[in-house]
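fold the following and give me the result.
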Amino acid sequence: MLKNYCLIAWRNLRNNKAVSFINIGGLALGMAVAMLIGLWIWDELSFNRSNTNYDTIGQIARREVTNGEVFIADNSNHFPIPLAGELRANYNNLFKQVALATESNEHVLKVDNRLFTRQGLYVEPDFTNIFTLHMIAGSNAGFEAPRSILLSQSLAVSLFGNTDVIGKTVKLDNRYDIKVTGVFANLPSNSRFAEVSFLCPWSLLVATNPTVKQDLNNWGNSSFHVFVQTAPGISMANISQTIKDVYWPKITTTQPKPAAERTTLFLHPMKDWHLRSVWKNGVQAGGQLQIVWLFGLIGGFVLLLACINFMNLSTATSEKRAKEVGVRKTFGSARGQLIQQFLGESLLIVIIAFGVSIAMVSLSLDSFNKIAGKQIRFPFSSPDFWTLSTLFIIITALLAGSYPALYLSAFQPVKVLKGTFSGSWKGVVPRRILSGVQFTVSIVLIIGTIVVYRQIQFAQDRPIGYDRNGLIRIAMNTPDLSGKYDVLQKELLASGGATGFAQSSATTTENNYFDDRFNWEGKDANLPQQSFALMAVTYDFGKTVGWQFSQGRDFSRDFPTDNTAIILNEAAVKYMRLKDPVGKKIVWNGNTFTVTGVIKDMVTESPYKPVQQSIFFMVPNIGPVITIRLNPALSVSDAISRIAPVFTTMNPSAPFEYKFVDEEYGRKFAAEERIGILSGFFAALAIFISCLGIFGLASFVVRQRIREIGVRKVLGASVINLWGLLTREFVLLVLIAFVVAVPIANYFTRAWLDQYEYRTTISWLVFAAAGLGALIITLLTVSFQAFKAATANPVKSLRTE
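Take a look at the predicted model:
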C-alpha cells in the first residue's frame, strides 16, 4: 500500500510539472527562510551558553532614584574596587566566587619586531573560574603571578606562529615584559567577551598603575566590573534582596553629594545580559529578545505563505483528482485511506522541498552571516538538528497537506462519476481567505520594512554638531607620545597629510565620564539633579572636528586665562536655564571655571537619544585619543601615506592603526540597519512566494473560465474588459487585506519605535505606499495570465471546451 501511495504521488508530481514546481519551489523558499531564521534564533538564544556556570553567573548592577524616578544608567554595572572585597568579606555565604575586571580595551603587544593591537582585560584570578576557558596549552594555575598573561589561540598564532608558547615573553604596551602561562581556545562569537584576545592578572594592573593602586580603598571611582558565581542553592533574586543596601552607605560617606537620591544593588543574571538589556523605570522592558520574537514570527509567516500556496493550488486543481477519488471510493477505499494518501503526497513534496532548502541555506549562509553579523555554521553533524528537522518536515507536511487532504477526500463518488461535480464554495471561500492572509502578511512586512528604513534615515539625517568626514582617530596605547603634543602637531601639519590635529580624553563618538557636582550663579534650587558629560580637549580640538558655535568663542592660546575656560553645548545651557551663558562662572570640584562659548549639540552617544548636556575643558596636553583631520585636497590614501611615517618615527613601539570617525559613527546604526536589511530580505521572499501562489492560482482561474472568456469575446468584450473581469477578484482581496494589515502593522511598528526617544513619525503615506505596492505587484503577477487569456483565439477555446 505504501509503495502504491508513493508511486501515485510521484506520477502526480511528474504529470503536473507547473504545479509541482510552484509547490516545491515555494515550500523550499519558505523552509529555507524558516531555517535561516531558526539558526539565527538559536545563535541568539545560546549567547554566553558556552560557559559551564551559565545559570549561576551574574554581574553586580545598580538602580538609581533621582527626582523620584527609578532608572538604570548605561554605566550601572561599573563599581569601585572595594565593593568586591565587601562582598567577599561579609556575604561569602551567597557567592562561590567574586572577581573584578576592567573594561575591555585595546593594548599593543610586541614580540621581536612584530606589533599587534588587541582587546584585553585585567581580571582577578577567580575570573578564569567563573567563566569557562578551554585551555589548549598551559593552565590558569600560574595566572596569579603578577607578570603573566593568558593568550587566545588566534593571538598566540599571530605572535609566535603556533600555540607552543608557554614560558615565552611578550611586551605589553611597550612598558613591561610578561610571561605566557596559558593559551585558551578563541571565545565564541556569540559571547560577552568575543573580542577579548588576552587576559592579564589584576595584580599586574595594581603594580603598574598608580591610580588603581590609590583606588584600592576608594569608593568614589566607579570604573570596574564585578562578576560573581552564586553559591549552590541560592537564587539570584534572594541575593539581590540581601545585597541591595550594601553600596549606598559606602558612597554617601565618601562623596559630598552623590548623583542619585538613592542607589540599590541587584544581581543581573548572565541569561539576561544579551536578550533583556533594555530597562524602563528600573525594570526590564525587553531588548534583543523582542527582535528574536519578531524574526521568529516572520519566519513562521513566510513558511505559512508557502503552505497556503500548497493548499490553494491543491484545492484549485481538485477537479483533476475528482475522478480518481470517485473510483477509489467506489472500489471500497475509506476516507481515512484517502487522507493518508494525500498526506503522503504532501509529505513527499515537503521532503523534496526540504532537500532543496538545505542546498539554498548552504549556499546563502556566508552571505547571511555577513548581513546578520554572525558566524553561524550549518550543524550537519548535530543529532539535535536532524531530530528538529524531522519534526519540522512532519509539521510542515501536516500544515500544508491537512486541508487539501480533508477537502479532496470528501468528494462524493456519485456526483463525480456522473460528471455533475464542480468546485463548490467549500473550496472557493477558504482559498480566498488563505489568499487574503497571504496579502495581509505581505503588506505588514512591506510596511514594517519601510518604517525601519525611515527610522534609520531619520536618525542619520540628524545634525551631529561637527564634520565627521575626513576625520580619523588614533589611540595612544603606549607612553612614547606622552608630552610630545607640540612636536607631533608640527610634524603632522608639515607632512601635508593633515590640516588639523588635537587630543582629547574621549572620542567624538563615545564619552564615558559623567559628573553632576556643578554649581553656578543663579542655579535653581528646584532644578532636577542630572549629570553632565565631561571631555577634556586641547586648544585645537574644536577647529579640528569642526565645532559649530552659537555663542562666544573657541579655546585660544591668545588668552592665558583659557586654562580655566569651559565650553557648554546647547543642551547644557537649556538644562542650566542660562539666558546669557558666556562669561558665567561654573564651580566644579572646588575649582571655578568661566564659560567662553556655546556650541551646537554634538551627538557623541546614541543618535536615537537626546543629546547629553556636556561640558568641555581645555587641557594643553591630554590623551588618550588623537583626532586628525585629513587634508581634503589629497586622496585619503595619499593623506594617510604622508602622516604614517610621522607616527612610525615618533611612536615605534605601536603599530600605526587608525579608525575613520564617520565609520565609527555609522556603526551606531548597525543594529537597526541589520534589522532593516533582514526584514527587507524576508519581506521580498514572502512577496515572491505569494506571487508564485497568485500566478498559479490565476492560471487555474483562467482555465476554469476559458469558455466564458470565449463567449464574451465573441459577443464583443474588449481585452481591457476581460482583463478587469479576471483581475477584479484579486484586487478586492488586496483591498480587504490592506484594511486588515494597516492596524496590525501600525501596532507593531509603533511598539518598535517606542524604544527610541528620537524617532520618526509614521505618515499615512507609508501605509498608502505599501498598499499600492502590493496592488501593483499583484496586478503584474495576474495580468500575464489575464492578457494571455483575453488575447487568445475564442474559436479555438470554444471548440476545445
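
residues near Asp366, how many?
9 (other Cβ atoms under 10 Å). Where C-beta positions appear, they are placed from N, C-alpha and C, glycine not excepted.

packing partners for the host helix or strand of it?
Using DSSP states H and E, Asp366 sits in helix 335-372. In terms of contacts (3 or more Cβ pairs under 8 Å, 6 or more residues apart in numbering; DSSP states H and E), helix 335-372 is packed against helix 2-15, helix 17-45, helix 288-316, helix 318-330, helix 383-408, helix 670-704.

quick one: which of the ones you listed is nearest Thr508?
helix 670-704 (17.5 Å; Cβ to Cβ).

how far does stretch 381-400 sit from its chain's centre?
27 Å (Cα atoms, centre = their mean, to the nearest Å).

going by neighbour count, list what's buried in it.
Phe385, Ser389, Phe392, Ile393, Thr396, Ala397, Leu399, Ala400 (16 or more other Cβ atoms under 10 Å).

dump it to CSV, restricted to CA.
Provided in CSV are the C-alpha atoms of stretch 381-400 (Å, rounded to 0.1, in the frame of the first residue of the first chain):
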residue,chain,number,x,y,z
SER,A,381,26.9,16.7,12.5
SER,A,382,24.4,17.6,15.2
PRO,A,383,21.8,14.9,16.0
ASP,A,384,19.6,17.6,17.6
PHE,A,385,19.5,19.4,14.3
TRP,A,386,18.3,16.3,12.4
THR,A,387,15.8,15.5,15.1
LEU,A,388,14.4,19.0,14.9
SER,A,389,14.5,18.8,11.1
THR,A,390,12.4,15.7,11.1
LEU,A,391,9.8,17.4,13.3
PHE,A,392,10.0,20.4,11.0
ILE,A,393,9.2,18.3,8.0
ILE,A,394,6.3,16.5,9.7
ILE,A,395,4.7,19.7,11.0
THR,A,396,5.1,21.4,7.6
ALA,A,397,3.6,18.4,5.8
LEU,A,398,0.6,18.4,8.2
LEU,A,399,0.2,22.2,7.9
ALA,A,400,0.4,22.2,4.1
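
show residues contacting that stretch.
With contact meaning Cβ atoms under 8 Å, 6 or more residues apart in numbering, stretch 381-400 is reached by 27, 31, 34-35, 303-304, 306-307, 310-311, 343, 346-347, 349-351, 354, 379.

before we move on, back to that, nearest to Asn218 among the buried residues of stretch 381-400?
Phe385 (51.6 Å).

so how far is Ser699 from the closest one?
37 Å (Cβ to Cβ, to the nearest Å).

can you tell me which helix or strand Phe555 belongs to?
Phe555 belongs to no helix or strand, assigned by DSSP H and E.

for it, give me its contacts.
Contacts of Phe555 (Cβ under 8 Å, 6+ apart): Val537, Tyr539, Phe541, Gly542, Asp562, Ala565, Ile567, Thr596, Met618.

chain neighbours aside, what residue packs nearest to it?
Met618 (4.4 Å; Cβ to Cβ, 6 or more residues apart in numbering).

okay but that neighbour is in contact with Asn563, surely?
Yes - here Met618 reaches Asn563: they are 6.4 Å apart, a contact under Cβ atoms under 8 Å.

any idea how far stretch 553-572 is from the chain center?
The answer for stretch 553-572 is 39 Å, by Cα atoms, centre = their mean.

actually stretch 672-686, sorry about that
12 Å.

how about that stretch: buried residues?
672-676, 678-683, 685-686.

contacts for it?
Contacts of stretch 672-686 (Cβ under 8 Å, 6+ apart): 29, 33, 37, 291, 295, 298-299, 301-302, 305, 371-373, 441-442, 445-446, 448-449, 452-453, 455-456, 459.

tell me the mean pLDDT over the host helix or strand of Leu121?
Using DSSP H and E, Leu121 falls within strand 114-123. Averaging pLDDT along strand 114-123 yields 90.

in whichever helix or strand comes after that strand, what counts as buried?
Next helix or strand after strand 114-123 toward the C-terminus (DSSP H and E): helix 127-130. Neighbour-count burial for helix 127-130, counted by 16+ other Cβ under 10 Å, picks out Phe127, Thr128, Asn129, Ile130.

contacting residues for Ala789?
Val702, Arg705, Ile706, Ile709, Leu722, Leu726.

in TSV: these, plus distance to Ala475.
TSV is the format used below for those (distance: Cβ to Cβ, whole Å):
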residue	distance to Ala475
Val702	67
Arg705	72
Ile706	74
Ile709	73
Leu722	71
Leu726	66
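
buried only: go through these for me.
Here, 16+ other Cβ under 10 Å leaves Val702, Ile706, Ile709, Leu722, Leu726 buried among the contacts of Ala789.

closest one of those to Leu578?
For the buried ones among the contacts of Ala789, the nearest to Leu578 is Leu726 (70.5 Å; Cβ to Cβ).

helix or strand for Phe767, which one?
Phe767 is located in helix 764-790, with elements delineated by DSSP H and E.

ok, back up a step: Met618 and Asn563: which is more packed in?
Just comparing Met618 and Asn563: by other Cβ under 10 Å the higher neighbour count belongs to Met618, 24 against 12.

could you give the bridge partners of that one?
Val537 (DSSP bridges).

go ahead and confirm Leu204 touches Tyr122.
Yes - counting by Cβ under 8 Å, Leu204 touches Tyr122, with 6.7 Å between them.

okay, the two: which has more neighbours?
The residue with more neighbours, out of Leu204 and Tyr122, is Tyr122; 24 against 18, by other Cβ under 10 Å.

and that one, bridged to which residues?
Here Tyr122, judged by DSSP bridges, has bridge partners Cys200.

Leu115 too?
With DSSP bridges as the rule, Leu115 is bridged to Lys110.

wait, it touches Phe656, no?
No - Leu115 lies out of contact with Phe656 (Cβ under 8 Å); the separation is 9.2 Å.

can you list the low-confidence ranges for the stretch 351-500 of the chain?
407-428 (pLDDT under 70).

for the residue lying closest to Trp588 once chain neighbours are set aside, give me its contacts.
Sequence neighbours aside, Phe518 is the residue nearest to Trp588 in space, at 5.1 Å (criterion: Cβ to Cβ, 6+ apart). The contact partners of Phe518, taken as Cβ under 8 Å, 6+ apart, are Phe532, Ile586, Val587, Trp588, Ile615.

kindly provide the distance from the fourth one to Asp515.
It refers to Trp588. Trp588 is 7 Å from Asp515, by Cβ to Cβ.

more neighbours: these two, which one.
Taking other Cβ under 10 Å, Trp588 and Asp515 do not tie; Trp588 has more neighbours (18 against 13).

list the beta-bridge partners for the more buried one.
Phe518, Asn591.

now do the contacts for it.
Trp588 neighbours (Cβ under 8 Å, 6+ apart): Asp515, Arg517, Phe518, Asn519, Ile615.

ChimeraX command for the buried members of the contacts of Phe555?
A single ChimeraX command suffices to select whichever of the contacts of Phe555 are buried according to 16+ other Cβ under 10 Å:
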select :537,539,541,542,562,565,567,596,618
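
out of the contacts of Phe555, which sit inside strands?
Among the contacts of Phe555, the members falling in strands (DSSP state E) are Val537, Ala565, Ile567, Thr596, Met618.

the fourth one: what's its closest spatial neighbour, skipping adjacent residues?
Distances taken as Cβ to Cβ, 6+ apart put Ala565 closest to Thr596, at 4.4 Å, once the chain neighbours are dropped.

quick one, what contacts the one you found?
Counted by Cβ under 8 Å, 6+ apart, Ala565 has contacts Phe555, Phe559, Phe593, Thr594, Val595, Thr596, Met618.
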